[in-house]
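Undergrad: got a sequence here, can you build the structure:
(chains A, B, C and D)
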2 protein chains.
Amino acid sequence: MKKKDIKILLVDDEPDILEIVGYNLSSEGYQISTATNGIEAIAKAKKVKPHLIIMDVMMPEMDGIEACENIRKDSNLANTIITFLTARGEDYSQVAGFDAGADDYITKPIKPKVLVSKVKALLRRLKDDDSNAQIVTVGNIVINREEYKILKDGVEIILPRKEFELLSLLASRPGKVFKREEILDRVWGNEVIVGGRTIDVHIRKLREKIGEDHFKTVKGVGYKYV
Amino acid sequence: MKKKDIKILLVDDEPDILEIVGYNLSSEGYQISTATNGIEAIAKAKKVKPHLIIMDVMMPEMDGIEACENIRKDSNLANTIITFLTARGEDYSQVAGFDAGADDYITKPIKPKVLVSKVKALLRRLKDDDSNAQIVTVGNIVINREEYKILKDGVEIILPRKEFELLSLLASRPGKVFKREEILDRVWGNEVIVGGRTIDVHIRKLREKIGEDHFKTVKGVGYKYV
DNA sequence: GAAAGCAGTTAACACACATTTAATATGATA
DNA sequence: TATCATATTAAATGTGTGTTAACTGCTTTC
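TA: Numbers count the residues shown, from 1 in each chain, chains lettered A, B, ... in the order given. The predicted model follows:
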């Protein structure tokens, strides 16, 4: 998920806090909405379905704890991460907050850097969730993108980066013919210009390491992994 | 983790306290064991490997602080949460306790409701130990984020902050390759710009201190902890 | 408040090896 | 067979990392 698609709801009764937190997060590229009390927070949460809610504990009308409990009851918001803003040392509110279903705490006074990195850490969960499969299994080959290594018949093989990415691309859709142009685009990047024989050489190395017959040449078009 | 699988060790020299705390927690479904002094506590801790230890500071034979220090040296108990029972206002014991490696405090007189929700909050960490783990054990290395120290084969090693955070990041997902960019983001902070060789130098120091072969270079990509 | 110590960073260079090129061979297709 | 695309090999190039030492602020210490 891209940053600009991530929605954050800020809830605090002090405009200053909304201001500073909002500024820091929106300059990171997140979409920000705000509310100034618990009731408003619940309404906005249902409407915009934020990925993350940062909410003060102490607020007029309805406090953060109550709002949190309320939001937790809405199954549409089950994946929403809720974190409280709390003054350092407000011990009891932390306990109550966790009971209400909070995921984390940010203590006041707020330090922008800490805030931003905490938010990133919290949102990383989302990223990991819907990121494309990091491990692909094709025949007797297991390609582990996360660890940058492959297993061939259970034996670990380390490939240099370009070879790894080329294999990774071809094997991502076994049988599909990738045009040379497309390969250049996706492995090298569209603005990089390399000579005409470069792909061939990498294919050659893969054939040596993985097996001759896995890489079929389609003359005049490109290559496919079988 | 289910409640009935969670083990709590209570340590206090007053039977009344053991009684009341034990009653409240076991009726919540936790598995309770008890000890009446520090020496006994250490023995029981090693034996039952509790998830949480609630321990009085003042005890005959060996006090809680000493017992806590002792328990913290056992890498098998690295994930154990230790919280002290202390009379309200015993300031010094709190400071000494945190030095010894305590995670939290519960003040006497004990209010059952506060006790139970505090215990719940402390144990919540266990639930999501993937994302928020304060203590990571990888092979012969125990990384204790909360206390900013690591144990290698049971020996405490103090690392400077950046080295610690770099190790901590890499070891948080052994095998995963962290891209240089991602490392900069998460250890240095995204707006900080440091020279290209800075990561290398820190990796070098970690290799010296922790072991050459733990840190694999993936050229053109980044590093991984193995 | 000077000296010493430490964490963190930078700079400079070495060096391995990943990547590309160049030159030539092979093979397919019409 | 003539042509064109790919295969193959070795050599050239270049990028990225390793390593050391020096530099910069900070904190600690006396």
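
Undergrad: hmm, the lengthiest strand in chain A in reach of chain B?
TA: In chain A, assigned by DSSP state E, the strand with the most residues is strand A:81-87. No - judged by Cβ under 8 Å from any Cβ of the partner chain, strand A:81-87 stays clear of chain B, getting no closer than 10.5 Å. Using the backbone N, CA and C atoms, a C-beta is placed for each residue, glycine as well.

Undergrad: which SS state does A:C68 fall under?
TA: helix (DSSP: H, G, I helix; E, B strand; the rest coil).

Undergrad: wait, it sits on A:M55?
TA: Yes - taking contacts as Cβ atoms under 8 Å, A:C68 lies within contact range of A:M55: 6.9 Å.

Undergrad: what do those two both touch?
TA: Contact criterion Cβ atoms under 8 Å, 6 or more residues apart in numbering or on different chains; residues shared by A:C68 and A:M55: A:82, A:84.

Undergrad: which strands or helices does the longest strand of chain A pack on?
TA: strand A:52-56, helix A:64-72, helix A:91-100, strand A:104-108, helix A:112-130 (3 or more Cβ pairs under 8 Å, 6 or more residues apart in numbering or on different chains; DSSP states H and E).

Undergrad: the second one - contacts with which helices or strands?
TA: Translated: helix A:64-72. helix A:38-48, strand A:52-56, strand A:81-87, helix A:91-100.

Undergrad: quick check: angle from that helix to strand A:52-56?
TA: Helix A:64-72 and strand A:52-56 are oriented at 160 degrees to each other (axes from the mean of the first three to the mean of the last three Cα atoms, to 10 degrees).

Undergrad: check A:E181 and give its pLDDT.
TA: Confidence at A:E181, expressed as pLDDT, is 91.

Undergrad: what's the closest non-adjacent residue to it?
TA: Excluding the flanking residues, the one nearest A:E181 by Cβ to Cβ, 6 or more residues apart in numbering or on different chains is A:G222, at 7.9 Å.

Undergrad: pick out the shakiest of the helices and strands packed on strand A:81-87, pLDDT-wise.
TA: Among the helices and strands packed on strand A:81-87, helix A:91-100 scores lowest, at a mean of 54.

Undergrad: so A:V187 sits against A:L170, correct?
TA: No - using Cβ under 8 Å, A:V187 is not in contact with A:L170, being 9.6 Å away.

Undergrad: what about the two, which has more around it?
TA: A side-by-side neighbour count of A:V187 and A:L170, using other Cβ atoms under 10 Å in any protein chain shown, places A:L170 first with 26 against 23.

Undergrad: tell me who's in contact with the closest residue to chain B within chain A.
TA: Using Cβ to the nearest Cβ, the single residue of chain A nearest to chain B is A:R161, 4.0 Å away. A:R161 makes contact with A:148, B:218-221, according to Cβ under 8 Å, 6+ apart.

Undergrad: one more: A:K216?
TA: Taking Cβ under 8 Å, 6+ apart as the test, what A:K216 contacts is A:223-226.

Undergrad: again, only using 10 Å
TA: Applying Cβ atoms under 10 Å, 6 or more residues apart in numbering or on different chains to A:K216 gives the contacts A:170, A:175, A:177, A:222-226.

Undergrad: buried residues of the helix or strand where it lies, list them for me.
TA: Under the criterion of DSSP states H and E, A:K216 resides in strand A:215-218. Applying a neighbour-count criterion of 16 or more other Cβ atoms under 10 Å in any protein chain shown, the buried positions in strand A:215-218 are A:F215.

Undergrad: what does stretch A:178-191 give?
TA: For stretch A:178-191, burial by neighbour count (16+ other Cβ under 10 Å) applies to A:178, A:180, A:183-184, A:187-188.

Undergrad: touching, A:I150 and A:L166? I think so.
TA: No - counting by Cβ atoms under 10 Å, A:I150 stays clear of A:L166, with 11.9 Å between them.

Undergrad: overlap of the contact sets of these two?
TA: Taking Cβ under 10 Å, 6+ apart as the contact rule, A:I150 and A:L166 both touch A:L159.

Undergrad: circling back: just the angle for the longest strand of chain A relative to strand A:52-56, thanks.
TA: Put simply, strand A:81-87 runs at 20 degrees to strand A:52-56, going by the same axes, to 10 degrees.

Undergrad: partner strands of strand A:81-87, parallel or antiparallel?
TA: When sheet partners are counted by DSSP bridges, strand A:81-87 sits next to strand A:52-56 (parallel), strand A:104-108 (parallel).

Undergrad: close to DNA strand C: what parts of chain A are there?
TA: Contacts of chain A with DNA strand C, taken as Cβ under 7 Å from any atom of the strand, map to A:160-163, A:188, A:192-195, A:197-198, A:201-202, A:219.
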